[in-house]
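A.B. asks: Sequence first, predicted model second:
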Amino acid sequence: MAEKMPAIMKTKPAYGAELVEVDVPKPGPGEVLIRVLATSICGTDLHIYEWNEWAQSRIKPPQIMGHEVAGEVIEVGPGVEDLQEGDYISAETHIVCGKCYACKHNRYHVCQNTKIFGVDMDGVFATYAIVPAQNAWKNPKDMKPEYASLQEPLGNAVDTVLAGPIAGRSTLITGAGPLGLLGITVAKASGAYPVIVSEPSDFRRKLAKKVGADYVINPFEEDPVEVVMSITDGAGVEVFLEFSGAPKALEQGLKATTPGGRVSLLGLFPRDVTLDFNNLIIFKALEVHGITGRHLWETWYTVSSLIQSGKLNLDPIITHKYKGFDKFEEAFELMRAGKTGKVVFFPKE
Ligand SMILES: NC(=O)c1ccc[n+]([C@@H]2O[C@H](COP(=O)([O-])OP(=O)(O)OC[C@H]3O[C@@H](n4cnc5c(N)ncnc54)[C@H](O)[C@@H]3O)[C@@H](O)[C@H]2O)c1
Ligand SMILES: C[C@@H](O)[C@H](N)C(=O)O
Ligand SMILES: [Zn+2]
Ligand SMILES: [Zn+2]
């Protein structure tokens with residue numbers, strides 16, 4: 001095994017990142033070293049790359065970026081018992097404490113002491129990476145590495161779509177970025193109909209159609225509420241899934257939801273949002289969920305089974321594949337410009 005490896009590192013508290021040569025890390029107690037087979041870019045990586053306000057408050061350069069991953073265990077650290085060399089794993093990125101009030105109530109997804117790799121410590125945009133053994137998820141050998149790497153964000157989408165009944169339910173999805181696209185395929189695989197998607201980008205509306213959306217709307221040209229009402233004969237949708245983080249989309253989605261319907265919110269809003277709570281939520285008796293992370297480990301079982309069922313349409317969502325990290329700047333800039341679905345790197349040996 002090589003002693004040095006390439007890694008995409010946030011080297012400075014400023015825009016961008018650098019491809020650097022670093023030592024291959026050694027797994028410490030409770031950790032494993034993996035050879036990275038595939039690693040995908042998340043919107044959070046973009047925020048770190050852009051060095052936005054959130055990144056400035058949380059990230060401590062120099063640090064290897066990246067957290068979505070699939071890899072092969074090549075070395076186990078002291079005390080690791082249930083993993084061995086050759087295991088094919090993905091990783092839950094939230095490292096939870098197991099001791100706080102939330103963890104003690106089996107609500108690990110809202111652990112009060114959550115640390116995230118690639119955010120609070122070195123990540124996986126490298127040829128080799130450290131994964132805490134408690135965060136490893138074993139994959140079936142025949143799962144494609146790019147699908148295995150997508151399981152973490154798929155978990156966000158699954159928790160959003162399956163937060164309530166979905167089969168046979170009319171569904172509005174706002175935002176067809178990488179997460180909204182994953183939401184579309186999960187909703188379709190789970191029997192939602194019709195799936196109506198509101199997304200301003202032409203490129204992403206086309207992708208949404210390819211992935212399986214029944215109707216697409218450009219919210220900058222048509223009123224999504226009117227379109228939804230006409231598709232649903234004036235009833236509104238049973239399920240509204242918010243994947244954009246756009247305040248306007250939230251308001252439109254709430255208006256387009258039928259009284260008594262279900263609303264699951266994943267998108268993060270850039271600022272406080274003002275809403276007519278009385279008329280949009282309370283008098284409509286909507287069931288509203290905030291969604292964060294993934295349920296440990298129930299969501300992973302669901303995600304893995306959905307992929308293995310063959311019912312997810314993931315290939316159109318993976319729009320860009322890169323061998324090695326040499327063109328990482330191109331990848332980040334394309335994604336920033338909204339010209340991608342998911343972007344996956346396959347590190348070179
Ligand atoms: N809650 C969580 O645990 C969690 C985890 C991961 C990501 N997120 C959030 O989920 C959201 C989606 O992630 P992503 O990576 O797909 O982000 P993204 O920014 O790539 O996608 C958002 C999409 O919304 C579209 N959009 C903008 N304005 C709109 C409007 N008015 N109506 C409809 N669509 C509109 C954009 O064109 C874009 O395609 C982000 O807000 C992200 O921060 C939350
Ligand atoms: C770190 C963040 O991007 C991650 N995808 C999550 O689910 O929390
Ligand atoms: Zn992420
Ligand atoms: Zn905890």
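C.D. replies: Yep, it's here. Residues are numbered from 1 along each chain as shown. Ligands and ions are numbered 1, 2, ... in the order given.
A.B. asks: Tell me the predicted confidence for the residue minimising distance to the centre of the chain.
C.D. replies: Among the residues of the chain, the one closest to the centroid is P153, at 2.4 Å (Cα atoms, centre = their mean). According to the predicted model, the pLDDT of P153 comes to 98.
A.B. asks: Kindly confirm my reading that A38 forms part of a strand.
C.D. replies: Yes: secondary structure of A38, determined by DSSP: H, G, I helix; E, B strand; the rest coil: located in a strand.
A.B. asks: Thought L182 was touching the residue nearest to the centre of the chain, still the case?
C.D. replies: Yes: the pair P153 and L182 passes the contact test of Cβ atoms under 8 Å, sitting 6.0 Å apart. C-beta coordinates here come from the backbone N, C-alpha and C atoms, glycine included.
A.B. asks: if I look at those two, which residues touch both of them?
C.D. replies: Both P153 and L182 are in contact with K342, where contact means Cβ atoms under 8 Å, 6 or more residues apart in numbering.
A.B. asks: quick one, what contacts L306?
C.D. replies: L154, V158, V186, A189, L312.
A.B. asks: The residue nearest to the centre of the chain - that's part of a helix, no?
C.D. replies: Yes: read with three-state DSSP, P153 is one of the residues of a helix.
A.B. asks: quick revisit: of the contacts of L306 - the most surrounded one?
C.D. replies: For these, the largest number of neighbours (other Cβ atoms under 10 Å) sits with L154, at 29 neighbours.
A.B. asks: A285: neighbour count?
C.D. replies: Using other Cβ under 10 Å, A285 has 9 other residues around it.
A.B. asks: these two touch, right, it and T258?
C.D. replies: No: with contact defined as Cβ under 8 Å, A285 does not reach T258; the gap is 10.3 Å.
A.B. asks: Can you name the residue of this protein nearest to ligand 3?
C.D. replies: Closest contact between the chain and ligand 3, by Cβ to the ion, is at C42 (3.1 Å).
A.B. asks: hmm, who's touching stretch 49-60?
C.D. replies: Applying Cβ under 8 Å, 6+ apart, the set of residues contacting stretch 49-60 is 10, 13-17, 47-48, 65, 119-120, 332, 336.
A.B. asks: 6 Å instead?
C.D. replies: With Cβ atoms under 6 Å, 6 or more residues apart in numbering as the test, stretch 49-60 has contacts from A14, Y15, A17, H47, I48, F332.
A.B. asks: Report whether that stretch contacts ligand 1.
C.D. replies: No: on the criterion Cβ under 6 Å from any ligand atom, stretch 49-60 is out of touch with ligand 1, staying 9.4 Å away.
A.B. asks: Would you mind writing the CA trace of that stretch as PDB?
C.D. replies: Coordinates of the C-alpha atoms in stretch 49-60 are reproduced here as PDB (Å, rounded to 0.1, in the frame of the first residue of the first chain):
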ATOM      1  CA  TYR A  49     -15.900  24.800  -0.700                       C
ATOM      2  CA  GLU A  50     -17.600  28.200  -0.900                       C
ATOM      3  CA  TRP A  51     -16.700  29.000   2.600                       C
ATOM      4  CA  ASN A  52     -20.100  30.300   3.500                       C
ATOM      5  CA  GLU A  53     -21.100  31.600   6.900                       C
ATOM      6  CA  TRP A  54     -22.100  28.200   8.200                       C
ATOM      7  CA  ALA A  55     -18.700  26.700   7.100                       C
ATOM      8  CA  GLN A  56     -16.800  29.600   8.700                       C
ATOM      9  CA  SER A  57     -18.500  28.900  12.000                       C
ATOM     10  CA  ARG A  58     -17.900  25.100  11.900                       C
ATOM     11  CA  ILE A  59     -14.900  24.000   9.800                       C
ATOM     12  CA  LYS A  60     -11.400  24.100  11.000                       C
END
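A.B. asks: So which bits of it are buried?
C.D. replies: Buried residues in stretch 49-60, counted by 16 or more other Cβ atoms under 10 Å: Y49, W51, A55, I59.
A.B. asks: In the chain, where is pLDDT below threshold?
C.D. replies: In the predicted model of the chain, no residue satisfies pLDDT under 70.
A.B. asks: Quickly list the domain ranges of it.
C.D. replies: Following automatic domain parsing, the chain resolves into domains at 4-150+317-346, 157-290.
A.B. asks: follow-up on the earlier one: between the contacts of L306, which is nearest ligand 4?
C.D. replies: Distances from the contacts of L306 to ligand 4 were compared by Cβ to the ion; the smallest belongs to V158, at 21.7 Å.
A.B. asks: Check which helices and strands the helix or strand harbouring that closest one is in contact with.
C.D. replies: Secondary structure assigned from DSSP states H and E places V158 in helix 151-161. Secondary structure elements in contact with helix 151-161, counted by 3 or more Cβ pairs under 6 Å, 6 or more residues apart in numbering; DSSP states H and E, are helix 178-189, helix 298-309.
A.B. asks: what's the burial count for F243?
C.D. replies: Using other Cβ under 10 Å, F243 has 30 neighbouring residues.
A.B. asks: Same question for the one 5 residues further on.
C.D. replies: Applying other Cβ under 10 Å, we find 14 residues neighbouring K248.
A.B. asks: Just confirm it is within a helix.
C.D. replies: Yes: inclusion of K248 in a helix is indicated when three-state DSSP is applied.
A.B. asks: Fine, thanks again, bye for now.
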